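> 3D, please:
(2 chains)
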Amino acid sequence: MKILPLAGVAALAVIVILVVLSVISPSESDKNQVRVVFFANISHAVPIVGIENGYFADQLGDTQIKTRIVDSGPEAIEALFANSADLAYAGPAPFVNGYVKSGGQGIKILSGAAFNGASFVVQPDSGIVQPSDLAGKKIAAPFVGNTQDVSLRNYLTQNGLQSAEKGGNVIIYNIANAEINTIFAKKEIDAAWVPEPTATMLVDNLGGKRLFQEQDLWPNKKFPSVVLIGRADYIQKHPDIVQKWLVANQQAINWINQNPDQTESIYIKFYKIHTGKTLKPNIVHDSFSNIVYSSDIDAKSIKIFAERAYSLGYLGRNGYNLDDIYAKAAEASPWQN
Amino acid sequence: MKINSIGKKIAFYVGIVAVWQILSSANIWPNSVFPSPYDVGQDLWFGAIDGTLWIGIGTSLWRLAAGFTIAAIGGIALGILMARVKTVNETIGSIVLGLQSIPSVAWAPLAIVWFGLTDAGIIFVTVAGALFAVTINTYTGVKSINPDFIAAAQNMGAKGEQLVTKVLIPAAFPYLITGFKQGWAFGWRGVIGAELLFSFLGLGFLLNVGRQLSDVSQVISMMLVIMIIGIVIDGLIFKRLEDKVMARWGLR
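Below you'll find the predicted structure:
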């Protein structure tokens, strides 16, 4: 029986390999750079304008800015966790999920960026006029755990419905916005809970019916849809970069609120470069008017997202706490309320 | 001997879990990246309680069964045709090996376009994965039947359907079993791969949910379930069937 010593050697070899791997992997976060991810959605106009108008570059000087477009919040959080991004613009639901999954250590909220800008759009001939009509229907939302997905599933549960993977009769497709557009056009889904500009595209291009805007379901008709998130160890290592980023973030927000028309044309140009598709100005205009840009952090609504995600089973079953979700840098900022 | 072998297995698995636990308690990586065996076990437990695990397993197995049945019937028919009809072998036969080399998940984009996000699309991917393994093995099996047997059967008046069901299939059966064994494994990969891409229920979907929720323990727990189902199906169905056939056909 030489199996035990052999197993010991094998286990030791595995440990040595893993430790070596973790030591030799280069430490990206030490460099003088900031890697930021955001989406090509219009609710992400803050990073888009900040980059296009050069606010971030002006503030950060010789610090290198690397941007990457992702399709969803879960993807953005994944990039933060995998240390391939330092800052991310994403929805509150993915943030809460990432925060809880990392034991409150991994990521922090730095600032708000946008409110509202998601709608529930149904096929014109689907006959859906009230929640109970959704039984047995096929509904799309972007990735599991993203803000619209949490809102949709919560909406179903509140109306006594359940998704198919939990034994209910509503089938939810979690797919990228561009694909939702495609399968909505092919009438393979009955409804979609999507962010702008996809929602307005479904309405204006495909004849979809906007049953309601998500903000209609919220108190004060306002809910946070995009927040600025930072990786905790990056914030700690580079408080100066983060502080400058926040200043530029606010500059971008102010400019957007003062120059809505120019923001729309910047967005159309940006969207064309990144997706190869040209958006009609009226779609961008309609989408844009559904969104409020502000650096406010709506702590109460973030708590509501957390409660909903928890009751959907997204945050495990061992409870959660949101005591430490704000970065110190954000607390010290003069424009926070 | 038998007890010794079981002992080794238990020691091996306990060893893996122990090393895993040590690695995760060493805190080289955060728990969100490298969860402990306890986290993974807890995740399975929660899934079992709220039913999602069972619905996921049921959905995936149903798709596998449907896809595999189609692939087995189609593969046997195609294999026999290829072995018995020269023109079929020269035409379709020339492409089967090439088709077999396409990973089943590579069929998924086509299936999404053709069938939409439906069960039929996922079953199509499963069939594409399993079909050609069954075909090739059936072909080899029929080809390796002693021609004298077939001639003798034909002399005694067997033809058409009778020749196929009473002579060719039984004589080639050990090869068919090999084809089934390979075919279901390819089909199982097809089901999971397609579910990952389709995002429409099943274990592959649950695995993807784990990824999207940054829940690595759910990812690992679903991988374990997929593997365990593989071991169980292979051990309970195909290994037993193979042993029986091998014994009965006097091949061991």
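> what about the strands in chain B?
In chain B, no strands are defined using DSSP state E.
> report the residue ranges of every domain in chain A.
A:29-116+A:223-332, A:118-221 (automatic domain parsing).
> can you name the residues of the stretch 1-150 of chain B sitting close to chain A?
B:8, B:11-12, B:15, B:19, B:22-23, B:28-33, B:42, B:46, B:50-52, B:55-56, B:116-117 (Cβ under 8 Å from any Cβ of the partner chain). (Glycine included, C-beta is placed from N, CA and C.)
> from these, keep the buried residues only.
B:15, B:19, B:23, B:31-33, B:42, B:46, B:52, B:55-56, B:116-117 (16 or more other Cβ atoms under 10 Å in any protein chain shown).
> could you list every residue that touches residue A:273?
Residue A:273 makes no contacts at all, as judged by Cβ atoms under 8 Å, 6 or more residues apart in numbering or on different chains.
> residues contacting the residue of the stretch 151-252 of chain B found nearest chain A?
Residue nearest to chain A within the stretch 151-252 of chain B: residue B:212 (4.1 Å; Cβ to the nearest Cβ). Applying Cβ under 8 Å, 6+ apart, we find residue B:212 in contact with A:72, A:74, A:143, A:144, A:145, A:146, A:174.
> follow-up on the earlier one: for the domains of chain A, which one sits closest to residue B:76?
domain A:118-221 (33.8 Å; Cβ to Cβ).
> among the buried ones among the residues of the stretch 1-150 of chain B next to chain A, give me the pair with the biggest separation.
B:15 and B:116 (46.4 Å).
> now the host helix or strand of residue A:56: buried residues?
Using DSSP states H and E, residue A:56 maps to helix A:55-60. Using 16+ other Cβ under 10 Å as the test for burial, helix A:55-60 gives A:55, A:56, A:59, A:60.
> the third one against residue A:243, yeah?
No. The pair formed by residue A:59 and residue A:243 falls short of the contact definition of Cβ atoms under 8 Å, at 9.0 Å.
> buried residues of the helix or strand harbouring residue A:181, list them for me.
Per DSSP H and E: residue A:181 is located in helix A:177-185. By 16+ other Cβ under 10 Å, the buried positions in helix A:177-185 come out as A:177, A:179, A:180, A:181, A:183, A:184.
> stretch A:238-250 now?
Buried, per 16+ other Cβ under 10 Å, within stretch A:238-250: A:238, A:241, A:242, A:243, A:244, A:245, A:246, A:247, A:248, A:249, A:250.
> near chain B, which of the contacts of residue B:212 show up?
A:72, A:74, A:143, A:144, A:145, A:146, A:174.
> any idea how far residue A:37 is from the second one?
Shown here: residue A:74 relative to residue A:37, a distance of 12 Å by Cβ to Cβ, to the nearest Å.
> quick check: longest helix of chain A.
Longest helix in chain A by number of residues (criterion: DSSP state H): helix A:3-24.
> wait, does the helix or strand following it contact chain B?
Downstream of helix A:3-24, the first helix or strand assigned by DSSP H and E is strand A:33-38. No. If you take Cβ under 8 Å from any Cβ as the test, strand A:33-38 misses chain B, and the best it gets is 14.3 Å.
> give me the mean pLDDT for strand A:33-38.
If you average the pLDDT over strand A:33-38, you get 93.
> which helices and strands sit right next to it?
helix A:45-52, strand A:64-69, helix A:73-81, strand A:87-90 (3 or more Cβ pairs under 8 Å, 6 or more residues apart in numbering or on different chains; DSSP states H and E).
> could you pull up the residues touching residue A:36?
Per Cβ under 8 Å, 6+ apart, neighbours of residue A:36: A:47, A:65, A:66, A:67, A:68, A:85, A:86, A:87, A:88, A:89.
> tell me how far the biggest helix by length in chain B is from the chain's mean position?
Secondary structure of chain B read by DSSP H shows that its longest helix is helix B:52-84. Its chain's C-alpha centre and that of helix B:52-84 lie 9 Å apart, by Cα atoms, centre = their mean, to the nearest Å.
> any buried residues in it, and which?
For helix B:52-84, by 16+ other Cβ under 10 Å, it's B:52-53, B:55-57, B:59-61, B:63-64, B:66-68, B:70-72, B:74-76, B:78-84.
> list the contacts of residue 135.
Going with chain A. A:161, A:169, A:170.
> my bad, chain B
B:74, B:75, B:78, B:79, B:82, B:96, B:179.
> can you tell me the closest non-neighbouring residue to the closest residue to chain A within the stretch 51-200 of chain B?
Closest to chain A within the stretch 51-200 of chain B is residue B:116: 4.6 Å, counting by Cβ to the nearest Cβ. Closest residue to residue B:116 apart from its sequence neighbours, by Cβ to Cβ, 6 or more residues apart in numbering or on different chains: residue A:188 at 4.6 Å.
> now residue B:205
Residue B:205 sits nearest to residue B:195 (Cβ to Cβ, 6+ apart), 4.9 Å away.
> okay, now the one you found: neighbour count?
26 (other Cβ atoms under 10 Å in any protein chain shown).
> that one is in contact with residue B:209, isn't it?
No. Here residue B:195 lies out of contact with residue B:209, judged by Cβ under 8 Å, at a distance of 10.7 Å.
> need the contacts of residue A:36 in CSV (columns: neighbour count and pLDDT).
Conversion of those to CSV gives the following (neighbours: other Cβ atoms under 10 Å in any protein chain shown; pLDDT from 0 to 100):
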residue, neighbour count, pLDDT
A:47, 27, 94
A:65, 18, 91
A:66, 14, 92
A:67, 16, 92
A:68, 14, 93
A:85, 27, 93
A:86, 27, 93
A:87, 27, 94
A:88, 31, 95
A:89, 27, 95
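> ok, so of the residues you listed, who is nearest chain B?
For the contacts of residue A:36, the nearest to chain B is residue A:88 (12.4 Å; Cβ to the nearest Cβ).
> many thanks, we can stop here.
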